[in-house]
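Chemist: A structural model of the following input is requested.
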Amino acid sequence: MRRVFRTLATSLCIAAGVLLLSAAGGARDATATASDAARAIVLEVDGAIGPATADFVMRGIDDAERTGAALVILRLDTPGGLSDSMRDIIRRILASRVPVATFVAPSGARAASAGTYIMYASHVAAMAPATNLGSATPVNLSPGGIGGDERPPPSTGGPPGEKDEGDPGAERPGGEVGPEQDRSPAAGSAMERKAVNDAAAYIRGLAKLRGRNAEWAERAVREAVNLPASDALEENVIDYVARDIDDLLAQLDGARIVMGEDEIVMSTTNLVVETIAPDWRTRILSILTNPNVAYILMLAGVYGIFFELSSPGALFPGVLGAICLVLAFYAFQVLPVNYAGLALMVLGIAFIVGEAFMPSFGVLGIGGAAAFVIGSVILMDTGAELYRVSLPVIGVVTAVTVLFVFTVVGMAIRQRGRPVVTGREQMIGDAGEALEDFENGEGQVLIHGERWFARADAPIRKGERVAVRAMRGLTLDV
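Modeler: Residues are numbered from 1 along each chain as shown. Coordinates of the predicted model:
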């Protein structure tokens, strides 16, 4: 059993090493670097906004300030993300001593949800043709918590609070919404209304700070409306529509940007562009905070501790399991975890183990598997696909867990049922040969090549076969 686990653990370590090397290999892509020339630093933000993304952006702005860069450009393509991570990025942009331009690119990209807030917070907001932004309605990602990525509620496209003309039950974008299905913030729970009102006030404040369209910003929160690049420019939601980075820099040349209480004039003609992709640290954090990876790390930690408890002193399973659990707990700390789901998973594993030790005609086993699956499904039960555990992963892991527990526990039970092969207890039942005629029921026997003093209730002749019934000190009863 130890050999099997060591083989699995070695394979896991090799896979992790390959993953780290591949992550480090694409750490930094600089299209041009120059220590003396003025620079524009381009930070690539592609995917969900999470703790790893926030860390990457904040370190990028820190580096720009430290090295005296003239401009930071966030090249953004995101479906949304976590509210806390979004606010960390916005706080850093608002405090930045270097102008920050958010550029939704390339064509086909989007700045949905959290991306819209970041656009409004930036000193410069720009989009490439055939891009869009909006759908900024917050949703509940965990009990009592609000995230930034969402499935937007249906919207009529009108101003907040305005109802459609005609039949109140008429079909609207997103499905049938009548009086009984009012999706406006006023129809939600107190927590939902508080979240939407807070988000609306937040984005209005950012819009007024940057002199952008505050009314549309509020509609993006309350009605989840969207705009393409050209319409966003007309509506004063963004400042520029540009084909690429070079086009954006050309349009920015001579522009006046407010930085705190000062106004600066941008000079972007001779800027050297340096593109920075997420480094190995950001990639590893992104991997750890992937819900599927965090889910598997937690189970790997449980397996490791299980092996250590079943084979005390093995050390390696316990150490590896503890490391996996710590990494999983770190990921759960920053992910929208439903702890009722986590409790159901632990209860399910306990029931499956109980079935192996106390056969209950499948009641504990089936109940444990059901609890494990339900707990896995609601572990990160959110309105956002980005922060859910994949159903195929749940199915595979559930099957592996059931097989693993029944196989390992079954091996342990079978091992305990086998005859003892070492120590004093192993002598009971073994056969030997009398070395002499027993006198007064006592004599010597040969067992396992060893000469033992023995007692017997019946006469025994030299050469006869004997069997050990009991062992009293160094004397055998045969």
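Chemist: first vs last residue of stretch 230-248, how far apart are they?
Modeler: Start-to-end span of stretch 230-248 (C-alpha to C-alpha, to the nearest Å) is 15 Å.
Chemist: list the buried ones in that stretch?
Modeler: Buried positions in stretch 230-248, judged by neighbour count with 16 or more other C-beta atoms under 10 Å: 232-233, 237-242, 245, 247-248. (Each C-beta comes from the backbone N, C-alpha and C, glycine too.)
Chemist: List the ones among those residues that fall in strands.
Modeler: Within the buried residues of stretch 230-248, residues falling in strands by DSSP state E are 240-241.
Chemist: Determine which two of the buried residues of stretch 230-248 are furthest apart.
Modeler: The span of these, defined through C-beta to C-beta, is set by Val237 and Ile245 at 20.6 Å.
Chemist: shaky segments in the stretch 1-150 of the chain?
Modeler: 1-37, 139-150 (pLDDT under 70).
Chemist: about what we covered before: can you put the buried residues of stretch 230-248 in JSON lines and add pLDDT and distance to Val466?
Modeler: Shown next, in JSON lines, are those (pLDDT from 0 to 100; distance: C-beta to C-beta, whole Å):
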{"residue": "Ala232", "pLDDT": "95", "distance to Val466": "98"}
{"residue": "Leu233", "pLDDT": "95", "distance to Val466": "102"}
{"residue": "Val237", "pLDDT": "96", "distance to Val466": "99"}
{"residue": "Ile238", "pLDDT": "96", "distance to Val466": "98"}
{"residue": "Asp239", "pLDDT": "95", "distance to Val466": "101"}
{"residue": "Tyr240", "pLDDT": "96", "distance to Val466": "101"}
{"residue": "Val241", "pLDDT": "96", "distance to Val466": "100"}
{"residue": "Ala242", "pLDDT": "95", "distance to Val466": "99"}
{"residue": "Ile245", "pLDDT": "94", "distance to Val466": "94"}
{"residue": "Asp247", "pLDDT": "94", "distance to Val466": "100"}
{"residue": "Leu248", "pLDDT": "94", "distance to Val466": "98"}
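Chemist: Same list (the buried residues of stretch 230-248) but as CSV, adding distance to Gly348.
Modeler: Listed next are the buried residues of stretch 230-248 as CSV, based on distance: C-beta to C-beta, whole Å:
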residue, distance to Gly348
Ala232, 48
Leu233, 53
Val237, 48
Ile238, 49
Asp239, 53
Tyr240, 54
Val241, 53
Ala242, 53
Ile245, 51
Asp247, 56
Leu248, 53
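Chemist: Tell me the one among the buried residues of stretch 230-248 nearest to Asp457.
Modeler: When these are compared for distance to Asp457 (C-beta to C-beta), Ile245 wins out at 100.1 Å.
Chemist: Contacts only, for that closest one.
Modeler: Ile245 makes contact with 40, 42, 73, 75, 103, 105, 273, according to C-beta atoms under 8 Å, 6 or more residues apart in numbering.
Chemist: for Glu44, same thing?
Modeler: Glu44 neighbours (C-beta under 8 Å, 6+ apart): 75, 275-278.
Chemist: Switch those residues over to CSV; also include neighbour count, distance to Lys462 and secondary structure.
Modeler: Putting the contacts of Glu44 into CSV (neighbours: other C-beta atoms under 10 Å; distance: C-beta to C-beta, whole Å; DSSP: H, G, I helix; E, B strand; the rest coil) gives the following:
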residue, neighbour count, distance to Lys462, secondary structure
Arg75, 22, 96, strand
Thr275, 17, 95, strand
Ile276, 20, 92, strand
Ala277, 16, 88, coil
Pro278, 26, 85, coil
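Chemist: Look up the closest residue to Gly368, ignoring the ones flanking it.
Modeler: Residue nearest to Gly368 in three dimensions, not counting chain neighbours: Phe351, with 2.9 Å by C-beta to C-beta, 6 or more residues apart in numbering.
Chemist: Tell me the confidence at that neighbour?
Modeler: pLDDT, Phe351: 75.
Chemist: you'd agree it is up against Leu364?
Modeler: Yes. Here Phe351 reaches Leu364: they are 4.7 Å apart, a contact under C-beta atoms under 8 Å.
Chemist: on that earlier part again, what about the contacts of Ile245, which are in strands?
Modeler: Those of these mapping onto strands are 40, 42, 73, 75, 103, 273, per DSSP E.
Chemist: how much space is there between the closest residue to the last one other than its chain neighbours and Gln251?
Modeler: Distance criterion C-beta to C-beta, 6+ apart; nearest residue to Val273, sequence neighbours excluded, is Ala40 at 5.1 Å. According to C-beta to C-beta, to the nearest Å, Ala40 stands 13 Å off from Gln251.
Chemist: Looking at those two, which one has more neighbours?
Modeler: A count of neighbours by other C-beta atoms under 10 Å puts Ala40 above the other of Ala40 and Gln251, at 24 against 17.
Chemist: Beta-bridge partners for that one, please?
Modeler: Beta-bridge pairing for Ala40 (DSSP bridges): Leu71, Val273.
Chemist: Of the contacts of Ile245, which is the nearest to Gly211?
Modeler: Phe103 (18.5 Å).
Chemist: if we can go back for a sec, please list all residues in contact with the residue nearest to Gly368.
Modeler: Contacts of Phe351 by C-beta under 8 Å, 6+ apart are 364-365, 367-368, 371.
Chemist: okay but Cys443 is in contact with Ile460, surely?
Modeler: Quick fix: residue 443 reads Gly, not Cys. Yes. Counting by C-beta under 8 Å, Ile460 is a contact partner of Gly443 at 6.5 Å.
Chemist: joint contacts of those two?
Modeler: Common neighbours of Gly443 and Ile460, using C-beta under 8 Å, 6+ apart, are 434, 437.
Chemist: Tell me, how many residues neighbour the closest residue to Tyr202 other than its chain neighbours?
Modeler: Excluding its sequence neighbours, the residue lying closest to Tyr202 (C-beta to C-beta, 6+ apart) is Tyr117, at 7.2 Å. When counting by other C-beta under 10 Å, one arrives at 29 neighbours for Tyr117.
Chemist: Now do the SS call for Tyr117.
Modeler: Judged by DSSP: H, G, I helix; E, B strand; the rest coil, the three-state class of Tyr117 is helix.
Chemist: so it makes contact with Gly205?
Modeler: No. Using C-beta under 8 Å, Tyr117 makes no contact with Gly205, being 10.6 Å away.
Chemist: who's in contact with the nearest residue to Ala229 once chain neighbours are set aside?
Modeler: Leaving aside its chain neighbours, Ala229 sits nearest to Met127 (3.9 Å; criterion: C-beta to C-beta, 6+ apart). Contacts of Met127 were listed using C-beta under 8 Å, 6+ apart, and they are 103-105, 111, 133, 229, 232-233, 238, 240-242.
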